[in-house]
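Student: I would like to see how this sequence folds:
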Amino acid sequence: MHPLAGKSKKRASFDELLLAGISAVADKGIDHTNVSDVASTSGVSRPTFYTYFGDMNGFYAEVWLRYGREWLDSQIEGATPLDESIDQVLLEIFSASRRIPEVLEVVQPDFERWWEEQTDGDDLAQQRLVWKLGFKLGYKLGKRITPKAELGLPIAGFLELPDNAMSLPFLAGLGKVTPDLLPPMAGLTLDDDSVESKLTMAAIEVIATSGVAAASMTRIARRARVSTGTVYPRFKNSELLVQSSFTAAIANIVGKNVQIVAERGLGIDEYALTVNAGYGENRKVWRNFRTEMHIEAAHNPELAAFMVPGFEKAAKFLEDSFTEFGLPAPLVAGIAWFLHSHAIGISLIYNVLPSVDAIDYRIMARWMVSQLPK
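Tutor: Predicted coordinates:
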């Protein structure tokens, strides 16, 4: 029997339109699908679409209202997965919701309620959820960029933090995370005062606030306070400027992370404290820029291929640091890619639930190390 059998004609038409739109978004991406795409895929007129949704942002809000809770439930280990296209589109909606007010106003309260139901205010339950969900969401975004994201999957098996964790010797007496413990996390800045650097930083900022699709040459030039004619002798098109912005951003952040490690070392607690510190305002542009580049690259193979070497360099830095720390050599690549995915995923969670910045990430980090094969 057709899944819409027995429903009213109006309800069936609405659901069918949602599914047709989801198919279009899964193909083109949240920032490249327009009303005509959905109307064409569904066979309805544009006026009918506008009657139901108003605009694409209204459509995304309705998709969330219809499938959001089901999507969240499907992220829990052992839950029945959703159709791949629905899962992908809901992930993009969740990831981009921070910059779409009509979407955030339905996503945020749903996620807050769901989080409370899953954790019931229990600190260890929040530990498990922020690590498991963070990795899962980040992995789903990352695997569309590089298959190396799969290296992190085995490490996710070490997240079963027990209810009596705080009585274990290596966690007993662990104090609270206080501001004086956090490493200073310098933000993403380009110190060079050249026109090229101004344009590159402007591109990074536009992408971080509005997404790659919004990074037109005109808008970037306006933000950099230069004329559009100044851009073209330096960058032939917006695609090259986006690529340049990624190269500059990841080199800048990796360089600053290397400096932190040089000054403080990189042990397990030190890494965990950088997670807490990474939620700070200084890293906001980088967090959101990285998210937006992933959203775009999921539907842009050329951009994805361009980004891979940068992420591999960042992962290699973690591999070398953890090898020096003494973690098992066969596992360091998996640990690096696990943490890569987790960092992306917790940024998504933080944008909807800022209170996760108060979680003590040292607890799970110490637990994971205790579980690794010697």
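Student: Which elements pack onto the longest helix along the chain?
Tutor: Ranked by residue count under DSSP state H, the longest helix found in the chain is helix 238-264. The contact analysis (3 or more C-beta pairs under 8 Å, 6 or more residues apart in numbering; DSSP states H and E) places helix 238-264 against helix 195-210, helix 217-224, helix 268-277, helix 284-297, helix 301-325. Heads up, the C-betas are built off the backbone N, CA and C, glycines and all.
Student: Would you tell me which of those helices gets closest to Pro179?
Tutor: With respect to Pro179, and counting by C-beta to C-beta, the nearest of the helices and strands packed on helix 238-264 is helix 268-277 at 9.3 Å.
Student: what's the average pLDDT for that closest one?
Tutor: Averaging pLDDT along helix 268-277 yields 92.
Student: tilt between it and helix 238-264?
Tutor: Helix 268-277 and helix 238-264 meet at an angle of 130 degrees, taking axes from the mean of the first three to the mean of the last three C-alpha atoms, to 10 degrees as the criterion.
Student: Contacts for helix 268-277 next, please.
Tutor: For helix 268-277, contacts defined as C-beta atoms under 8 Å, 6 or more residues apart in numbering pick out 177, 181-185, 257, 260-261, 264, 283, 325, 339, 343, 346, 357, 359-362, 364-366, 369.
Student: Tell me which of the residues you listed fall in helices.
Tutor: Per DSSP H, the subset of the contacts of helix 268-277 in helices is 257, 260-261, 264, 325, 339, 343, 346, 362, 364-366, 369.
Student: Can you spell out the domain ranges of this protein, please?
Tutor: Per the record, the chain has its domains at 9-119, 138-371, by automatic domain parsing.
Student: pretty sure Asn257 is touching Lys313, no?
Tutor: No. The pair Asn257 / Lys313 is not scored as a contact, 11.2 Å apart, by C-beta atoms under 8 Å.
Student: So if I had to pick from those two, which one is more boxed in?
Tutor: Shown here are Asn257 and Lys313; by other C-beta atoms under 10 Å, Asn257 has more neighbours (20 against 12).
Student: export stretch 46-65 as CSV, just CAs?
Tutor: Extracted in CSV, the C-alpha atoms of stretch 46-65 (Å, rounded to 0.1, in the frame of the first residue of the first chain):
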residue,chain,number,x,y,z
ARG,A,46,5.2,27.8,-8.1
PRO,A,47,2.1,29.4,-6.7
THR,A,48,1.2,26.1,-5.0
PHE,A,49,4.6,26.0,-3.5
TYR,A,50,4.3,29.6,-2.2
THR,A,51,0.9,28.8,-0.8
TYR,A,52,2.3,25.9,1.3
PHE,A,53,5.8,27.3,2.3
GLY,A,54,6.2,31.0,1.4
ASP,A,55,9.8,30.5,0.3
MET,A,56,12.6,27.9,0.5
ASN,A,57,13.4,28.8,4.2
GLY,A,58,9.8,28.1,5.0
PHE,A,59,10.1,24.8,3.1
TYR,A,60,13.2,23.8,5.2
ALA,A,61,11.3,24.7,8.4
GLU,A,62,8.4,22.5,7.3
VAL,A,63,10.8,19.6,6.5
TRP,A,64,12.2,19.9,10.0
LEU,A,65,8.7,20.0,11.6
